[in-house]
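Peer 1: just a sequence and a predicted model for now, questions to come.
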Amino acid sequence: MERQRRNTKKYSFRQPDLKELRKLTSYVLDPLGFKARFGKLLPLLTTQVDEGLVSVLVQFYDPLYRCFTFPDFLLLPTLEEYAYLVGIPILDQLSFSGLESIPTSLEIADMLHIDESLVGAHMTTKGGIQGLPSEFLIAQATMYGKAMSEDAFEAIFVLLIYGLVLFPNIDKFVDVNAIRIFCTLNPVPTLLGDTYFSLHMRNAKGDDAIVCCLPLLYKWFISHSPQTIIDSCGEFSNVPLLGVFFQEGKDPQGLNGRMVCAWRKIHWKGRKELGPKNCVAMESYTAWVRKRASEYLMPYEYPRPTPLVMAGPSTLPNRGVEELRDEGQSRAWIRERAELLQQIKEKDALIEFLEHQVIDDPNDAWTSLLP
């Protein structure tokens, strides 16, 4: 009898237009320094998310255990994985709760190196929450980027990434929640919480779009796919993409040459650094996962258990088996002895032939043996 399966759900995802934000990467003159200060934010801008793949992944979400349930294993994003993917450590402090005070226009102006009057003039409310339009912030970042005012540019640029990529809410709008999280410098717990919250709510209600940092969720999932990973090349971790920071005719701080040299110093991480592989699942765990998948009616075919073929008892008595084994060994020895005797006969015939050759014509015999 065929098992029942749940009907698949149709999900949509909110992906903001990052074209203008990507243009600002040309003003990042020191990508390595930027990464050291703010984490791996730049690669998130160029991550090509396969919505079809993520849509399939979400079908496996199990609301009871808050994880993705596959036929015989569970998969779920963790704080450590998200911290690694964004390159931002988890601070030993309370994560963002939403109860923090809203920063004043003066505090935002000081943080972004912008005149307070400009912040006050552009502060607006959308969807019941205060924030700043992304067009205003992009214009300010562009101005400071052209003026090579690194501190001001980076502050505004990073805030834009927080508001549009890490914590998207309203299109072309950086709300005060993103600003407050940016101030705490501890975004990872909130990133993971947003992911779980959005997945759980959309799974339960089945309407509206999944709103979270989709590039990060996508990068997390494909990191579990089989692949060969180069940990780093020279000073560059995880082999950066040349096209992100290098433009034709521009070579900030000899970046192109440094990248070429880095490929000569590839660093792999193996057993010594990562420890021995341990991916053995106990049968009780696998059975529990399969049981849960069956109860929740997961939308996939269940693997049929392979029947164990048990060999029946031999109809021959033990003594007869031993006799057959001994007989087989005896035949093998007899066959090997016959082959050796045949080789000896052939060698004796060759020796006899050579002796006759030497007796009949010694000179011709030695000549015939020369190569």
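Peer 2: Thanks, I have it.
Peer 1: helix or strand for residue 292, which one?
Peer 2: helix 283-295 (DSSP states H and E).
Peer 1: over to residue 58?
Peer 2: Counting by DSSP H and E, residue 58 is part of helix 51-59.
Peer 1: spatially, what comes nearest to residue 296 if we skip its sequence neighbours?
Peer 2: In space, and not counting its chain neighbours, residue 296 is closest to residue 62: 6.0 Å by CB to CB, 6 or more residues apart in numbering. Any C-beta I mention is one placed from the backbone N, CA and C, and that applies to glycine too.
Peer 1: doesn't residue 292 make contact with the one you found?
Peer 2: Yes - with contact defined as CB atoms under 8 Å, residue 62 and residue 292 form a contacting pair (7.1 Å).
Peer 1: any common contacting residues for those two?
Peer 2: Common neighbours of residue 62 and residue 292 (criterion: CB atoms under 8 Å, 6 or more residues apart in numbering): residue 69.
Peer 1: quick one: which of those two has more around it?
Peer 2: Relative neighbour count places residue 62 above the other of residue 62 and residue 292, with 19 against 16, counting by other CB atoms under 10 Å.
Peer 1: just for the stretch 201-350 of the chain, where's the confidence low?
Peer 2: 207, 226-257, 259-260, 262-281, 297-330, 332-333, 346-350 (pLDDT under 70).
Peer 1: now what about the lengthiest strand in the chain, what contacts it?
Peer 2: Using DSSP state E to define each element, the chain has its longest strand at strand 129-133. The contact list for strand 129-133 (CB under 8 Å, 6+ apart) reads 102, 108, 119, 122-125, 163, 169-170, 172-179.
Peer 1: buried sites along that strand?
Peer 2: Buried residues in strand 129-133, counted by 16 or more other CB atoms under 10 Å: 131-133.
Peer 1: can you tell me the average pLDDT over stretch 176-186?
Peer 2: If you average the pLDDT over stretch 176-186, you get 93.
Peer 1: likewise for stretch 130-147?
Peer 2: On average, stretch 130-147 scores 96.
Peer 1: tell me which stretches of the stretch 151-300 of the chain form strands.
Peer 2: Along the stretch 151-300 of the chain, counting by DSSP state E, counting those that start in this stretch, strands occupy 173-175, 209-210, 232-233, 236-237, 266-267.
Peer 1: cool, and the stretch 1-150 of the chain?
Peer 2: Using DSSP E, counting those that start in this stretch, strands in the stretch 1-150 of the chain cover 12-13, 61-62, 67-69, 74-75, 124-126, 129-133.
Peer 1: please check the contacts of strand 129-133 and keep the buried ones.
Peer 2: For the contacts of strand 129-133, buried by 16+ other CB under 10 Å: 108, 119, 122-123, 163, 169-170, 172-179.
Peer 1: pLDDT below threshold where in the stretch 1-150 of the chain?
Peer 2: Ranges of the stretch 1-150 of the chain meeting pLDDT under 70: 1-7.
Peer 1: next, the closest residue to residue 91 other than its chain neighbours: phi, psi?
Peer 2: Sequence neighbours aside, residue 186 is the residue nearest to residue 91 in space, at 4.2 Å (criterion: CB to CB, 6+ apart). The phi/psi pair for residue 186 (degrees, to the nearest 10) reads phi -140, psi 60.
Peer 1: tell me the contacts of residue 186?
Peer 2: 90-91, 93, 95-96.
Peer 1: then residue 91?
Peer 2: Residue 91 touches 184-186, counting by CB under 8 Å, 6+ apart.
Peer 1: between the residues you listed, which sits nearest residue 45?
Peer 2: residue 185 (19.9 Å; CB to CB).
Peer 1: burial count for that closest one?
Peer 2: Residue 185: 11 neighbours (other CB under 10 Å).
Peer 1: mind listing what it touches?
Peer 2: residue 91.
Peer 1: for the remainder of this discussion, apply numbering that starts at 158.
Peer 2: Sure, I'll start counting at 158 from here, so that last one is residue 342.
Peer 1: check the gap between it and residue 258 for me.
Peer 2: 16 Å (CB to CB, to the nearest Å).
Peer 1: same check, this time on residue 347
Peer 2: In terms of CB to CB, residue 347 sits 17 Å off from residue 258.
Peer 1: ditto for residue 287
Peer 2: 13 Å.
Peer 1: do the same with residue 319
Peer 2: 18 Å.
Peer 1: more neighbours, these two?
Peer 2: Of the pair residue 319 and residue 258, residue 319 is the one with more neighbours under other CB under 10 Å, namely 23 against 7.
Peer 1: list the contacts for that one?
Peer 2: 331, 335-336, 338-339, 344.
Peer 1: what would these look like in JSON lines with distance to residue 375?
Peer 2: Shown next, in JSON lines, are the contacts of residue 319 (distance: CB to CB, whole Å):
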{"residue": "331", "distance to residue 375": "22"}
{"residue": "335", "distance to residue 375": "20"}
{"residue": "336", "distance to residue 375": "25"}
{"residue": "338", "distance to residue 375": "21"}
{"residue": "339", "distance to residue 375": "23"}
{"residue": "344", "distance to residue 375": "18"}
